[in-house]
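Colleague: Need a 3D model of the following:
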Amino acid sequence: MQLGAMLAITLPGEMQNALRTLQNLVDEENLPITLAGLAVLISVWAALISRRSMRASERSARAAEVQARHAASQAEAAERQAVAASEQAHSASSEVSTAIQASEISALEGAKARIDASLPRISAVIFRKNDYAGLAENSYALPTPLPSISMTGSVKLDHWSTEGSVDSTPHWAWDAFFVSHGLLFNFGNEPARVISQSVQFYAGTHPFTGDEVKEPATTIHGERILYSGQSALFQVIARKQVDDWVEIIRRGEEERESCEAYLSFFPADFDEPECGVKIRTAGTPLSRVVPEGVYAIFKPNSYFDVHLEFLRNYPDSSEEIAARLKGDREELSALYMKKQRMKWLREESANRRLSEEGAEGNTNAAAND
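Modeller: Purely as a prediction, here's the structure:
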C-alpha cells in the first residue's frame, strides 16, 4: 500500500505526521540524504557499541589482572608454604637423624661400659730386652727362658752352607731373632683365662719384688689360668728365617718390618668380653749393607724396640650389639667381613693415592730435568 493511500485513510494525527515525515525522507530528492543520515546513525551506534565493548574489555582485563595478581600471590604463598614445609621436614629429618645417632652413641657407650665392667683386670709390661740378637738353627728348640746371648761378633752367612749346623740345616733356613721378657699381673677379683700366640710362659724371679713366680696353670685346651693377685713371667722370641729377613732387606722394607705376638684375656667362665695385648717387636738382625757375593751378614748388636698395644674388642654399631646379645655368630661374621672389606678399600685408596702422588712427583722431576 502506498503512503498516499495510507494517508487518505483516516488515521490518528500523530501517525499521519509520522507517515508524512517518512514519505518526505524516502522521496527521490531526500533519499541520498536519508541514507547518509542512516549511515551516520549506524556508525555512531556502532561506535557506541564498540566503546561499550572496549570498556567492558578493559573492565574484564582489569579484573583478569587482579585475578592474576591474586593467583600470583596465592602461588607465592603456596611456594612459601612449600619451602616452610620442606624446611620443617628437613629439620624433622635432622632431628630424627640426631636422635638416632645419639641413641646409637648412647647404646655404644653403654656397651663399652658393660664390657669395661666385666673385662679381666690384667696388666702387662716388658721389663727386659736381651742386649743382643740371636741366631739359631732351630729357635723353637731353645730353652725357656732363654739364657743371655753372648754372641757379639758378626757372622757371615752363605745360602746353602751348613757350617755350624747340627742337623745339616742350610743357613737360609736358620732363625734370626730378638728376645724380650714381660710380666702379667691379675689385679682383678676373678680368675682369667690367657691364650697366647708366639709367647712362652716360665717360672722365675719377680723382676720388681724378688719373689718366686710360678708358671701359670694350663688347661687341657692349652689355655693358661691366672688367678686373682697372681703374676706370670713370659718370654717373646721375635723370629724369622734368615731367608725371610734377606727378602725384607732386598725389598727395602726393613724400616717397617716387625714381628707380632699376642696375649688374649677372657673371663674364666665366659668367651666374652675379650681383651688383650699385641706385642710388636721392630728391628732387623741382618746387615743392611751386604758386600757383593755375600748372602747375608748377621749383626747381633742390631737395635730393636718392643711396643705394647692394649686391645679392647668393643662393638662399633648397634647391629653388632644386637648380634652379640643374641649370640648370632653368622651375623657377627658378616659384620666382621664387612669391616674387613671397608678396611681393605680404605687401604687400597690410600695406596693408590700414594702411587699417584709418587708418579706425579716423578713426572715433575723429569720435566724439570
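Colleague: who does the helix or strand containing Ser180 touch, helix- and strand-wise?
Modeller: Element membership for Ser180, per DSSP states H and E: strand 175-186. Other elements packing on strand 175-186 under the criterion 3 or more Cβ pairs under 8 Å, 6 or more residues apart in numbering; DSSP states H and E are strand 122-129, strand 134-136, strand 231-241, helix 242-251, strand 275-283. C-betas here are computed from N, CA, C, even on glycine.
Colleague: Tell me, please, the helix or strand in the chain that averages the lowest pLDDT.
Modeller: Taking mean pLDDT, DSSP states H and E as the measure, the chain has helix 3-8 as its least confident helix or strand, at a mean of 50.
Colleague: Compile the helices and strands packed on strand 175-186 into CSV and extend it with columns for mean neighbour count, mean pLDDT and distance to Ser60.
Modeller: Listed next are the helices and strands packed on strand 175-186 as CSV, based on neighbours: other Cβ atoms under 10 Å; pLDDT from 0 to 100; distance: least, Cβ to Cβ, whole Å:
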stretch, mean neighbour count, mean pLDDT, distance to Ser60
strand 122-129, 15, 95, 93
strand 134-136, 20, 93, 107
strand 231-241, 22, 96, 97
helix 242-251, 16, 88, 90
strand 275-283, 20, 93, 86
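Colleague: and these as JSON lines, adding distance to Phe310?
Modeller: As requested, the helices and strands packed on strand 175-186 are arranged in JSON lines below (distance: least, Cβ to Cβ, whole Å):
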{"stretch": "strand 122-129", "distance to Phe310": "8"}
{"stretch": "strand 134-136", "distance to Phe310": "27"}
{"stretch": "strand 231-241", "distance to Phe310": "16"}
{"stretch": "helix 242-251", "distance to Phe310": "27"}
{"stretch": "strand 275-283", "distance to Phe310": "6"}
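Colleague: who wins for proximity to Arg352 among those?
Modeller: helix 242-251 (19.6 Å; Cβ to Cβ).
Colleague: packing partners for the closest one?
Modeller: Taking 3+ Cβ pairs under 8 Å, 6+ apart as the contact cut, helix 242-251 packs with strand 175-186, strand 296-298.
Colleague: Mean pLDDT lowest where, among the ones you listed?
Modeller: Lowest mean pLDDT within these: strand 296-298, a mean of 91.
Colleague: for the longest helix seen in the chain, packing partners?
Modeller: Using DSSP state H, we find that the single longest helix of the chain is helix 31-118. Judged by 3+ Cβ pairs under 8 Å, 6+ apart, helix 31-118 is in contact with helix 318-326.
Colleague: What's the mean pLDDT across the helix or strand following the helix it packs on?
Modeller: Going down the chain from helix 318-326, the next helix or strand is helix 329-368, by DSSP H and E. Taken as a whole, helix 329-368 carries a mean pLDDT of 75.
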